[in-house]
Structure formats: structure tokens, C-alpha cells
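Trainee: sequence and computational prediction follow.
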Amino acid sequence: MWSRRPVIIFRRITGFFIVAYGLYLSTLTASVIKFVVPGIGAIGTGAATGAGIGALTGVMLGTIGVVTGGAGYAVGATVLALIGGSLGAAGAATGGFGFQVFKYPVVHPMFWLPLVAIGLVLIFRPKHKEDTN
């Protein structure tokens, strides 16, 4: 009678390669590049934050004198809030534009998970008892 040892070794090697193939399939991803524009919520949040910071600056410092080319202007809290709001909206709008890369799996787990499970069963399957007849 021949030994079952080569069969067990072949089964485990086959199981190892099936597990390796399943794990390889799980790592395959594809990428899509999309052009993204900011939403109105992001622009509104940036404008509100900038306006709040401008108003707080105006409240803390009071009226600020701005001199340009020989003409002086008094800038109060309202003007600082408008400047801060417009700069905040502009910063939020320009910060949201651009290209974004999205990655997604190519092979669905419904395919590679059973491969890994079958390979593990082949590797760790309990030994069958020999017939003594």
C-alpha cells in the first residue's frame, strides 16, 4: 500500500497557492480621477468663519486707520467682517477645486474570500483515519 504523505504535501502546497492567489486578488485596486468643485456648504462655512474672525478683530482692536496714497480711511468692525467674510469665501472656494483620486477594489470580495477559505481548508484539513480492512 502506498503512503498518503505525498498527497497531503500536494494538498497543502495547492492550498497555499490558492490562498496566495486569493490574497493577491484582494489587493487589486483601480483608480478614477475626478474634477471636484466645492459645495455651497464649504463656501458658506468659510465665509461665516472669516466674517466672525473679522468681526472679533474689529471688536478687540476697535477702529483701525488705513492710509493709502495720502488718503486715510477708518475701518470698523463691519468693514473688517465684510473683508474677512469675502476672504474666507474665496479661500474656501479655491481650496475645494481640484482633482481627486478615488480608489475602489477591482475584484469583489465575494470572489476572493471563498478562494482564501478553500485554500485554508486544504492546508488545515484534519487527517482522515486509514481504513484498517
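Mentor: Looks like it arrived, so ask away.

Trainee: do a quick rundown of the helices in the protein.
Mentor: 5-26, 40-61, 77-96, 109-124 (DSSP state H).

Trainee: just the mean pLDDT for the third one, thanks.
Mentor: When pLDDT is averaged along helix 77-96, the result is 84.

Trainee: what do you get for the last one?
Mentor: In this model, helix 109-124 has an average pLDDT of 92.

Trainee: check the first one too.
Mentor: Over the span of helix 5-26, the pLDDT mean works out to 90.

Trainee: I'd like to know which elements it is packed against.
Mentor: For helix 5-26, the packing partners by 3 or more Cβ pairs under 8 Å, 6 or more residues apart in numbering; DSSP states H and E come out as helix 109-124. Quick note: C-beta positions are derived from backbone N, CA and C, even for glycine.

Trainee: who's in contact with the helix it packs on?
Mentor: 11-12, 14-23, 25-26 (Cβ atoms under 8 Å, 6 or more residues apart in numbering).

Trainee: quick one: Phe111 from Tyr21, how far?
Mentor: Counting by Cβ to Cβ, to the nearest Å, the separation of Phe111 from Tyr21 is 11 Å.

Trainee: actually Val32, not the one I typed
Mentor: For Val32 relative to Tyr21 (Cβ to Cβ), the value is 26 Å.

Trainee: can you check Val37 too?
Mentor: Separation of Val37 from Tyr21 (Cβ to Cβ) stands at 41 Å.

Trainee: these two: who's more crowded?
Mentor: Legend: neighbour count by other Cβ atoms under 10 Å for Val37 and Tyr21, higher for Tyr21 (14 against 9).

Trainee: how about that one, nearest residue that isn't a chain neighbour?
Mentor: Leu115 (6.3 Å; Cβ to Cβ, 6 or more residues apart in numbering).

Trainee: now swap in Gly72 and tell me
Mentor: Gly65 (5.8 Å).

Trainee: also Val32?
Mentor: Phe102 (5.0 Å).

Trainee: before we move on, the earlier item: tell me how many other residues crowd the residue nearest to Tyr21.
Mentor: 19.

Trainee: name the residues that touch stretch 68-84?
Mentor: 50-55, 57-59, 63-67.

Trainee: same check on stretch 14-23?
Mentor: Trp112, Leu113, Leu115, Val116, Ile118, Gly119, Leu120, Val121, Leu122, Ile123.
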